[in-house]
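Asker: My questions concern the predicted model and sequence given below.
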Amino acid sequence: MQQTKFRYYDAVAYKRANQPKPAVHTEFLRTGRIDRNTSWSPSEKRYLSYQEVAERTGRKLENAGNVTHDRINGFHQSIRFPKLIFHRTLARTPHLGYCHITVANSRFAEFKNVQWAFYMANFFAEIGEEEQFFADISKKAGRMYFAVAITPAEEEGRLQIDRKVRGNGVLFRTDDPKLAMKNVLMLGARDEALRKIIRAL
């Protein structure tokens, strides 16, 4: 199956450049002169490189990541997560990407100490295997929030999904921001009294 190659252009700049111009007679009545320097050639679309699209996507993702982190840390003074914001865009579709928000340790089922990372993405997908982490990416616009168990990889300084936890390493995946926040807070809550408050949300 042939992969569609996307072309991107700056829609906002194109729209601004193509605003309807005032009629010459109206301009004359208003100013008493006729502008002889009017260019009659229509503005062309300026196509963006994949790098430019990736940069714009990255800025949006990191802004959303900062807002999400602030909301999580604003819930209760005893629950604090470190801010570790960075993003990645998908190589063939740089308008799609995901943002790492935080990392923490929790007790999880039979595991005493599970290190996990929380992300958000500007698309919805299945979380797949090592070779293709995101599978069946939805064509509809949307967001996805997910947390995965992580463990140090063989390559120094790298992390990988800890698939011993839940069979695939995925702690949760949702498109509901309220449910995502609740899940992250539950992972961060240190005592049962706080978990009861979070469950009631």
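Answerer: Looks like it arrived, so ask away.
Asker: next structured bit after the least confident helix or strand in the chain by mean pLDDT?
Answerer: One helix or strand of the chain scores below all others by mean pLDDT, DSSP states H and E: helix 24-31, with a mean of 53. Counting by DSSP states H and E, the next helix or strand C-terminal to helix 24-31 is strand 47-48.
Asker: Mind exporting the C-alpha coordinates of the helix or strand following that following strand to CSV?
Answerer: Toward the C-terminus, strand 47-48 is succeeded by helix 50-73 as the next helix or strand (DSSP H and E). Taking Å, rounded to 0.1, in the frame of the first residue of the first chain, the C-alpha atoms of helix 50-73 are listed here in CSV:
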residue,chain,number,x,y,z
TYR,A,50,8.3,18.8,7.5
GLN,A,51,10.8,20.4,9.9
GLU,A,52,8.7,23.6,10.2
VAL,A,53,5.5,21.6,10.8
ALA,A,54,7.3,19.5,13.4
GLU,A,55,8.5,22.7,15.2
ARG,A,56,5.0,24.1,15.3
THR,A,57,3.5,20.8,16.5
GLY,A,58,6.2,20.6,19.2
ARG,A,59,5.5,24.1,20.6
LYS,A,60,1.7,23.3,20.8
LEU,A,61,2.4,19.9,22.5
GLU,A,62,4.8,21.4,25.1
ASN,A,63,2.3,24.2,25.9
ALA,A,64,-0.4,21.7,26.4
GLY,A,65,2.0,19.5,28.5
ASN,A,66,2.8,22.4,30.8
VAL,A,67,-0.9,23.2,31.3
THR,A,68,-1.6,19.5,32.1
HIS,A,69,1.3,19.3,34.5
ASP,A,70,0.1,22.5,36.4
ARG,A,71,-3.4,21.0,36.7
ILE,A,72,-2.1,17.7,38.1
ASN,A,73,0.2,19.4,40.6
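Asker: I'm done for today, thanks for sticking with me.
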